[in-house]
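Q: model the following, please.
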Amino acid sequence: MRPATTAKLRANATTIHQLGRRHGLHSFALSTEPGELVATLDPNRSYFDITSFEKDLSSILGALVEVVPRGPGVEVEETEPLNDLRGAA
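A: Sure, this is the predicted structure:
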């Protein structure tokens, strides 16, 4: 499976945010790497939630998605926030 394109991730921002809330992920941003998102993981969640989110979203989009959680010791370049576009004109 090929990595999700930036355009595909932007076009599915609402889905990403909705699915993310179910898996304890929020504050999504695009990474410099193809198909990679940066997100904040809720404190009561684990890496199992991240991998479950990646699997579910990859299945929905038909493209590979990876998540890098923000945190101490994690260095990843964010290019732009991935805004939830619900209600956008």
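
Q: OK, contacts around L25?
A: A39, T40, L41, D42, R45, D49, I50, F53, V67, P69 (CB atoms under 8 Å, 6 or more residues apart in numbering). Just so you know, the C-beta spots here come from the backbone N, C-alpha and C atoms, and that holds for glycine as well.

Q: just give me the longest helix of this structure.
A: Counting residues, the longest helix in the chain under DSSP state H turns out to be helix 47-61.

Q: immediately after that one, which helix or strand?
A: Downstream of helix 47-61, the first helix or strand assigned by DSSP states H and E is strand 66-69.

Q: any idea of the mean pLDDT for that next one?
A: For strand 66-69, mean pLDDT rounds to 95.

Q: equivalent analysis for stretch 15-24, please.
A: Rounded mean pLDDT across stretch 15-24 is 97.

Q: list the buried ones in that stretch?
A: Neighbour counts over stretch 15-24 (16 or more other CB atoms under 10 Å) mark I16, H17, L19, G20, H23, G24 as buried.

Q: out of those, which one sits closest to L82?
A: Relative to L82, the closest of those is I16; by CB to CB it sits at 6.4 Å.

Q: tell me which residues are up against stretch 37-50.
A: Taking CB under 8 Å, 6+ apart as the rule, stretch 37-50 contacts 9, 16, 20, 23-31, 65-71, 76, 78, 82.

Q: which of the contacts of L25 are buried?
A: For these, buried by 16+ other CB under 10 Å: A39, L41, D49, I50, F53, V67, P69.

Q: so what does the first one look like in phi/psi?
A: A39 adopts backbone torsions of phi -150, psi 160, taken as degrees, to the nearest 10.

Q: report the beta-bridge partners for it.
A: A39 has the following beta-bridge partners by DSSP bridges: P69.

Q: okay, it: pLDDT?
A: 96.

Q: got it, and the fifth one?
A: At F53, the model reports a pLDDT of 98.

Q: pull the contacting residues for it.
A: L19, G20, H23, L25, V67.

Q: that older thread, and of the contacts of L25, the nearest to P3?
A: The closest of these to P3 turns out to be V67 (CB to CB; 12.5 Å).

Q: I'd say that closest one and D56 touch.
A: No. Applying CB atoms under 8 Å as the test, V67 and D56 come out as separate, 11.2 Å apart.
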